[in-house]
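Trainee: Kindly generate the corresponding structure for this input.
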Amino acid sequence: MDATFSSATVPDEASTYARNIENYVGVARVPVGIAGPLRIFGSAARGAYPIPLATTEAALVASYNRGMRLIALAGGCNAAVLDERMERTPAFVLRSLPHAMAFARWIRNAHVDLTAAAERTSRHTRCIAIDPIIEGNHVYLRCGFLTGEAAGQNMVTFATAALCRHIAENSPVEVIAQVVEANCSGDKKATARVMSSVRGRRVSADICLPRPLVFEYLRVEPRHMADYWRLGAIGAAMSGSVGIQGHYANGIAALAIATGQDVACVAESACGITRFEVDERGDLYACVTLPNVIVGTVGGGTALPTPKAALDLIRSGGPLDAAALAEIVAGVVLAGELSISGAICADEFAAAHQRFARGTVAC
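Mentor: This next block holds a predicted model:
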């Protein structure tokens, strides 16, 4: 393991963490394991990436490592960022519905000035949408931004605050009250809107696995994997799950902790759809789609000692920017879905956890 992950070389001085924590008392140690490499051919991520995963859940790194090895044996997975935006939804209280309608019309006509006000807060911020939604005498604004290499949560908050100030100073309609975020963006929540929209980056990854490889490596037939997926899809629908997937949160949270991301964003990043199908040759087609992957290579905790070392380790496998990291997240999730589904289909799920969680096996 790289020495930079050693507890002896990570400083605990308050000055190191001053910008990331209040009332500092110390550091919570979370063990980091390396899975992979993840072989991926994406629009931005192209290479064989070592994947650091921070977790206290035994069997997790072993499972993701198994999925990544299967992907590598098949030649690698595809991945692509399909859409991108970070959102804030400020809201404004007007005197009546007619006032709200007049306010919304002004918002639409003042788009250029409003965009300029928001973008003055950072040279990295681009405002790409300001869409008013009327609810009685309330007007919500769905504000969309591009945030470059940052995940952008704070960046869009500052931009939206500036936007709200401009509106308060220039609106031809009296604004009774306003808030910078009215709980409509889906920030750190799994919402009904998540599957049809994007907050962060919408990412998909897929692979076609030859039947002999699936049978040899997972000890199941592709048709058993597809049958299990259909059974699980019905189970997800019965439970009211947002999306259809096995355990996205496991890999995303472990990667987020290792690389200094905002872990609370896992609440929305871990929503998505996994799909397994058998093609005409009897091979297994597998894909994952994640509408709200929120990651960055700058900002937040990414510059702290352990996250910086983790990102440098990932970077050793190929190009790495925020888009590439989002595609890597999709590849990691795909590996995890293949591994856990294979273990359940082969009736090895319980035994694997017993072996790693209660035994003395190290991966």
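
Trainee: make it CA atoms for all contacts and neighbour counts henceforth
Mentor: Will do.

Trainee: give the contact list for the residue nearest in space to the middle of the chain.
Mentor: Centroid check for the chain by CA atoms, centre = their mean gives Val293 as the closest residue, at 2.5 Å. By CA atoms under 8 Å, 6 or more residues apart in numbering, the contact set of Val293 is 199-203, 268-270, 326, 329.

Trainee: rerun that using 10 Å as the cut-off
Mentor: For Val293, the contact set (CA atoms under 10 Å, 6 or more residues apart in numbering) comprises 81, 84, 151, 198-203, 252, 265-266, 268-272, 323, 325-327, 329-330.

Trainee: cool, and Pro307?
Mentor: Counting by CA under 10 Å, 6+ apart, the residues that Pro307 touches are 4-5, 52, 255-261, 297, 301, 313.

Trainee: For the chain, give me the ranges with low pLDDT.
Mentor: Where the chain drops to pLDDT under 70, the residues are 1-12, 347-363.

Trainee: Just the strands from it, written as ranges.
Mentor: Assigned strands in the chain, in chain order: 32-42, 46-54, 77-88, 91-93, 126-135, 138-146, 177-179, 200-209, 243-244, 272-278, 284-293 (criterion: DSSP state E).

Trainee: Tell me what angle the first one forms with strand 46-54.
Mentor: Orientation note: strand 32-42 sits at an angle of 150 degrees relative to strand 46-54 (axes from the mean of the first three to the mean of the last three CA atoms, to 10 degrees).

Trainee: Which strands or helices does strand 32-42 pack on?
Mentor: strand 46-54, helix 60-73, strand 77-88, strand 200-209, helix 248-259, helix 305-315, helix 322-345 (3 or more CA pairs under 10 Å, 6 or more residues apart in numbering; DSSP states H and E).

Trainee: Phi first, then psi, for Ser316.
Mentor: When quoted as degrees, to the nearest 10, the phi and psi of Ser316 stand at phi -70, psi -20.

Trainee: so how far is Val333 from it?
Mentor: Relative to Val333, Ser316 is positioned 20 Å away (CA to CA, to the nearest Å).

Trainee: what's the answer for Ser269, then?
Mentor: On the measure of CA to CA, Ser269 and Val333 end up 11 Å apart.

Trainee: likewise Asn78?
Mentor: 13 Å.

Trainee: out of the two, which sits in the more crowded spot?
Mentor: Val333 (30 against 21; other CA atoms under 10 Å).

Trainee: can you count the residues close to Lys189?
Mentor: Lys189 has 16 nearby residues by other CA under 10 Å.

Trainee: List phi and psi for it.
Mentor: According to degrees, to the nearest 10, Lys189 has phi -140, psi 150.

Trainee: wait, it sits on Arg199?
Mentor: No. With contact defined as CA atoms under 10 Å, Lys189 does not count as touching Arg199 (11.1 Å).

Trainee: which residues are in contact with both of the two?
Mentor: Here Lys189 and Arg199 share the contacting residues 268-269, scored by CA under 10 Å, 6+ apart.

Trainee: My read is that Ala322 contacts Leu146, right?
Mentor: No. Counting by CA under 10 Å, Ala322 stays clear of Leu146, with 11.5 Å between them.

Trainee: if I look at those two, which residues touch both of them?
Mentor: Arg201.

Trainee: Number of residues surrounding the closest residue to Ala335 other than its chain neighbours?
Mentor: Closest residue in space to Ala335, ignoring its immediate chain neighbours: Gly67 at 4.0 Å, by CA to CA, 6 or more residues apart in numbering. Other residues near Gly67 come to 28 when the count uses other CA under 10 Å.

Trainee: ok so, going back, in JSON lines: the strands of the chain, plus distance to Gly26.
Mentor: Below are these laid out as JSON lines (distance: least, CA to CA, whole Å):
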{"stretch": "strand 32-42", "distance to Gly26": "18"}
{"stretch": "strand 46-54", "distance to Gly26": "18"}
{"stretch": "strand 77-88", "distance to Gly26": "32"}
{"stretch": "strand 91-93", "distance to Gly26": "39"}
{"stretch": "strand 126-135", "distance to Gly26": "37"}
{"stretch": "strand 138-146", "distance to Gly26": "35"}
{"stretch": "strand 177-179", "distance to Gly26": "35"}
{"stretch": "strand 200-209", "distance to Gly26": "31"}
{"stretch": "strand 243-244", "distance to Gly26": "37"}
{"stretch": "strand 272-278", "distance to Gly26": "35"}
{"stretch": "strand 284-293", "distance to Gly26": "29"}
